[in-house]
Structures are given as C-alpha cells and as structure tokens.
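Colleague: Compute the structure for the input listed below.
(2 chains)
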2 protein chains.
Amino acid sequence: MDAMGDPEFADIEAAAARIAPHVRRTPLLASAELSTQLGMFVEFKCENLQEAGAFKSRGAINAVFALPAEAAARGVATHSSGNHAAALARAAQRRGIPAFIVMPRGAPKVKRATVESFGGRVVECEPTLAAREAAAAAIIAETGATLVHPYDHPLVIAGQGTIVLELAEQTERPDTVLVPVGGGGLLSGTALAARHRWPGTRVIGVEPAGADDAFRSFTSGQLQTQLAPRTIADGLRGAMCARTLRLARANAHSIVTVKEESIVAAMRLLFERMKLVVEPSGAVPLAALLERAVPGGRTVVVLSGGNVDLDTLPWLAPAT
Amino acid sequence: MDAMGDPEFADIEAAAARIAPHVRRTPLLASAELSTQLGMFVEFKCENLQEAGAFKSRGAINAVFALPAEAAARGVATHSSGNHAAALARAAQRRGIPAFIVMPRGAPKVKRATVESFGGRVVECEPTLAAREAAAAAIIAETGATLVHPYDHPLVIAGQGTIVLELAEQTERPDTVLVPVGGGGLLSGTALAARHRWPGTRVIGVEPAGADDAFRSFTSGQLQTQLAPRTIADGLRGAMCARTLRLARANAHSIVTVKEESIVAAMRLLFERMKLVVEPSGAVPLAALLERAVPGGRTVVVLSGGNVDLDTLPWLAPAT
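Modeller: Predicted structure coming up:
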C-alpha cells in the first residue's frame, strides 16, 4: 500500500498468490467470426464463469483471506446486495467465518437465495442507502465483523487486478482492455496492473450513458454524484469513490459511455455467438465495440459476470 | 480403418492432428456447487463453445480435410440441416471448396442463415426424407461433390472421438463419460477412444425417452426404427445406423433414457449455474445425472452444442 492506503502493483501480485486456491482461472475465448465482424482481434475474458458468477470473487477472497485470524473469526459484513454479496458470503464460507449481508426488504429473492446458498446471514433493512449503512454499522458494532466494501477497499481492488496477471499468462499484450465501470474497483485494479505488466496497453472503462457518474468524474477530475441511474446494467448503478477515481485517473486511459440498446445487442450477441450467459453489466464493454466508441487493435473484453434473471431476458417481450 | 470400414483408434489419433488447426480446444469446467449437489465430481466438456457451436465441427473438419485434392475441389454435400450442416459449410469454407446443403423448404431461417454465413450453398427440397435424399443425390450427380453423412462415416466418427484425446490432456481418468445419442456418431467415437485411452472408463449414451431408438437398438442388438420422435432435443431425433450401433455395442457401456422435464431442468441449470448457453440436446446427459440414472464417481459430461433459439427458451411461457 502507498501513503494514501491505495494498492500498489506488489499488492496485486500478493493477491494473485493468495486467491489462487479459491478462484477459477477463467477461460479466454476468441471468436474469429466476431473479430471479422468488428475488424479487430477480440478476446473475451470469461469472468462470468468465475466462482459465484462474477469477478467479485477475486476481491472478496483477497480481502477475507488477508484478515488476521482474530479479526476474521468475528466475521465480515457488507451492505452491497449484488455480486459482491454473493462473493463475500462464499469467501467467508471458505474461510469458515460468518458473513453478514445487509439487504433491503423486497430485494429479489434470487439474490437472497444465492447469499444463503453460500452460508451468508442476511440482515434485512429498509430500502434506503441510509438504512443500509445504519444496519451494517449496527451489525458491525454488535459482532465486531469487518466491513468489506465492494470497491472502496485496497485489498478488493488488488484482487480485481489479478485478472490482468492471469491474462498475461494467456495471451499477448493487447492494445486495449475494456472493462465495465460501476464503483470503479475493476477499472482501478486492472488499470494499475496493466500499467506495470503491459505498459502501453490502454485500459478503458465503459459505462452506461444512463449511469454516467464515472465518465463525468474521470473527465472533470472531480467526484460527481450518480443522479438517478437509468440502465438495465444493474451492477453499474453505484458511484465511484475518491479512491477509485484517483487510481483510475492515474492508470486508466479513458471512460466512454454506451447506449442501452447497444448493451442489449451486445448481451444477445454473447449468448448467440459466444454461447455465454452474461449479465447486462458484463455486456457493457462489448457495447462500446459495437458502437465503435473505442480504438481498434488487439482487444481484450472483460465479461465481468453472468448473474442474470433468465425469466426476463431483455430481448424478450415483457411478461404481461 | 478395419475390414468393415469402421474407424480404429489410430484414425482418431490421426484426426486429432488433422483437425487441430481448425477447431477449438474447448474448456473443461468443473462446478464445486453442482458436484456437491449431485454427490459426485462432475466436469463439463464445453463443446457448446466449439467452432460453429457444436462438436460437429470435429467430424466435419476431419472428413473435409482428409479428402484428396481432386475430390475436394468438387465440393461436399449433406442433407442434414442442423449442426452438421453448419459445421460442414464451415469446414468447406476453410478448405476453400463448395458445400451443398440440402434443406427442406420451411426450415428455420436461422439454420439457413448460419449455413450461408459460412459460405454454404443451400439447395431447397420438399420436407420429406425421400425428397432430401433425392435432392442430395441430384446435386452429387451434377457436381461430383462428396456426400459427408452426419454420422454414418468413419472419418466423421473418428473426428468426434478426438474429444476424449483432448480430455485426457485436461483431466484425470473419469469413471464415467456421458454423451447424448442421436445417430450415434459422438457415442461411437468417444467410446472407441475411451476404450483405448481410458480403459475401465464407462462411456454412457443418454437419449430422450421420446426418441429412444438407440436405447432399443443397443439393448436388443438389432437396429430399431425411430418412431415419430417427440422431444425438445431436436438434434437427437435421428436414428442410429448399423455402423454406429456396431461401434457403440463394441465400446460403450450402456444407453439410458431421460424425461423431457429433466432435459429442460438440466438446460436451465447449465444457463443458471454454469453460465453456459447449451441447446436441449446438449443438456440431455446432465438430465441423466439429475434423474440419478447413471452410476456415481468422477464424471465428465459432454455439452455437445449451444445452438438454441433464444426467443423461445423452454422454461419461458410460450409466446402467444
């Protein structure tokens, strides 16, 4: 860690060794057909095939297994209810410690079921950010559990950065790596890793135009508020924090935004051509290629997750 | 080849070398979660991620690239309209020769579009088997093209068998390998390869109960007719031939049948837990595990293909 408490490249290398027994080395798949269609060589890093269905397992495992034994025994907690919650529950289960997951009443049953399938203890609260933070603070005060933030956490960011070290063993240096941006943990970690492992490679964050706080923050250099996000990419509705903005500005090339219809088109293309189940957030980087919003050349697209409701795929008519 | 013109193990080894530049080494994915649920160690061989979306690319490439130059120049033909047709068109395209694909008028547009995307020339006919065979015979008489049958062909069978050689580089010897059975090309090839590479491993064919000719043929030892197949697994509606029955009886352990609802449940499980798009036929072997219809132990399940209509997934209410 540096003086700001931010992760450094050595932390990513340490994370890779720490998480190796607990996460999957995900396949990197190329498609001659899609490469021809897009006019560039494209490979897909399949973090949708990662344990618990998303790259979040990397950061969660790293944070949980780095805890000293005494702190670990008291458990971990979070008030994120998506892929990070599932990944944290799974990480805690593997370490044999409790995970307290604060979830708003009325959260989709499938999210709750997933957390519970990994032994996570769901703590219900009212569906406001204030209530979630208060509930998390209360459970932490009561149990002594350690809060593991989904992205504002150096060990979580270092864990996400391990994707690049794995990629470097799987392929040649690409010109561009595309990742989705929500809170910015994946962007921060991969950009930091790429600057050291693959100097000259551009790491570009891709964000839905309907939830463009990261684009505005990155461009202005000032942390911007996420205003009533409107996007199908439910994993990207969060806002960057000072830490991820600082790391992204220091290491990433740029952030671009994409339209909703491009996200749906990209998601369908991944199902149809790549035979991969990818959630809307995970399809966002390919949307940037479909919109020709990023430079050409050898490109790695990170498919960040595959946790999608299979009863309401976005290209199907809504159930009535 | 032996005296019956059947493939031998050496033909499978030759096929592996011949097809390597033209097909994908598909990932083998394990799921701790599914293994726990099923009470056995299960790995999935992802031929849904194979070129053209199915294992059929292996046999088609092997048959096309084994042709002498002069015969090859006149092209290849088939009257199968499914995954073999797409795989054959792609194989011919890679060798730079024509592929004539006989298809019944009214075949799904997507099948025609796929064949044409690989440069295949579609020849329309009436929707009866007699008309398809006549149309194929006519185009062969006219062009001198070579018929490449989807499974009654030693080089096609040898090509399918390469899956086992690849598996042997990816994992330890399993107790059981499960494959779907339609015409029996995949079962014949994998069982022959496994008997040599993995003696003691059981290769078991799995078939929909609503299209159970292979089960009846294998059990009785006499080729049985496929009677009006009724199954969602459209790739498995064909019938075994004398050659595949002979090879299966000599090398495979058994054939079991599964119910339609198990096939749908298996398909959904593969989408949800494995994040893989698998067609109904490809989900048939997992259905046998869900029904506890096969022995336990270390098991490899071959996910044979991923070409599925994403507008009408079988767990969704039918469009009205």
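
Colleague: any idea how far residue B:156 is from the residue nearest to residue A:112 when sequence neighbours are not counted?
Modeller: Leaving out its chain neighbours, the residue that sits closest to residue A:112 by C-beta to C-beta, 6 or more residues apart in numbering or on different chains is residue A:122, at 5.5 Å. Where you see a C-beta, it was placed from the backbone N, CA and C, and this is true even at glycine. Using C-beta to C-beta, to the nearest Å, one gets 52 Å for the distance from residue A:122 to residue B:156.

Colleague: likewise residue A:213?
Modeller: Applying C-beta to C-beta to residue A:213 and residue B:156 gives a distance of 55 Å.

Colleague: try residue A:132
Modeller: Taken as C-beta to C-beta, the span from residue A:132 to residue B:156 is 58 Å.

Colleague: The two: which has the busier surroundings?
Modeller: residue B:156 (31 against 20; other C-beta atoms under 10 Å in any protein chain shown).

Colleague: model confidence over the strand or helix carrying the more buried one, on average?
Modeller: For residue B:156, the element it lies in under DSSP states H and E is helix B:154-170. The average pLDDT for helix B:154-170 rounds to 98.

Colleague: so how far is it off the chain centroid?
Modeller: 12 Å (C-alpha atoms, centre = their mean, to the nearest Å).

Colleague: Kindly report the same for stretch A:141-155.
Modeller: The answer for stretch A:141-155 is 17 Å, by C-alpha atoms, centre = their mean.

Colleague: buried residues in it?
Modeller: A:145, A:146, A:147, A:148, A:149, A:150, A:151, A:152, A:153, A:154, A:155 (16 or more other C-beta atoms under 10 Å in any protein chain shown).

Colleague: ok, now stretch A:169-188?
Modeller: A:174-188.

Colleague: Could you pick out which of those residues are located in strands?
Modeller: A:176, A:177, A:178, A:179, A:180 (DSSP state E).

Colleague: Tell me the residues on chain A that lie near chain B, please.
Modeller: A:27, A:29, A:32-33, A:48-49, A:51, A:53, A:117, A:268, A:271-272, A:274-278, A:306, A:310-311, A:313, A:315-317, A:319 (C-beta under 8 Å from any C-beta of the partner chain).

Colleague: out of those, which are buried?
Modeller: A:27, A:29, A:48-49, A:51, A:53, A:268, A:271-272, A:274-278, A:306, A:313.

Colleague: Residue A:207: how many residues sit nearby?
Modeller: 30.

Colleague: What mean pLDDT does the helix or strand containing it get?
Modeller: Per DSSP H and E: residue A:207 is located in strand A:202-208. For strand A:202-208, the mean pLDDT works out to 98.

Colleague: And the closest residue to residue A:168 other than its chain neighbours, how far from chain B?
Modeller: Spatial nearest neighbour of residue A:168, excluding adjacent residues (C-beta to C-beta, 6+ apart): residue A:197 at 5.1 Å. Per C-beta to the nearest C-beta, to the nearest Å, residue A:197 is found 23 Å from chain B.

Colleague: How about residue A:162?
Modeller: From residue A:162 to chain B the distance is 19 Å (C-beta to the nearest C-beta).

Colleague: tell me the contacts of the residue in the stretch 151-300 of chain A positioned nearest to chain B?
Modeller: Of all residues in the stretch 151-300 of chain A, residue A:275 sits closest to chain B, at 3.5 Å by C-beta to the nearest C-beta. Shown in contact with residue A:275 (C-beta atoms under 8 Å, 6 or more residues apart in numbering or on different chains): B:48, B:49, B:53, B:276, B:277, B:278, B:306.

Colleague: again with residue A:8
Modeller: With C-beta under 8 Å, 6+ apart, residue A:8 has these contacts: A:1, A:2, A:192.

Colleague: Of these, which count as buried by neighbour count?
Modeller: By 16+ other C-beta under 10 Å, these give residue A:192 as buried.

Colleague: counting contacts, what elements does the helix or strand containing residue A:288 pack onto?
Modeller: Per DSSP H and E, residue A:288 falls inside helix A:280-290. Other elements packing on helix A:280-290 under the criterion 3 or more C-beta pairs under 8 Å, 6 or more residues apart in numbering or on different chains; DSSP states H and E are strand A:176-180, strand A:202-208, strand A:254-258, helix A:260-272, strand A:299-303.
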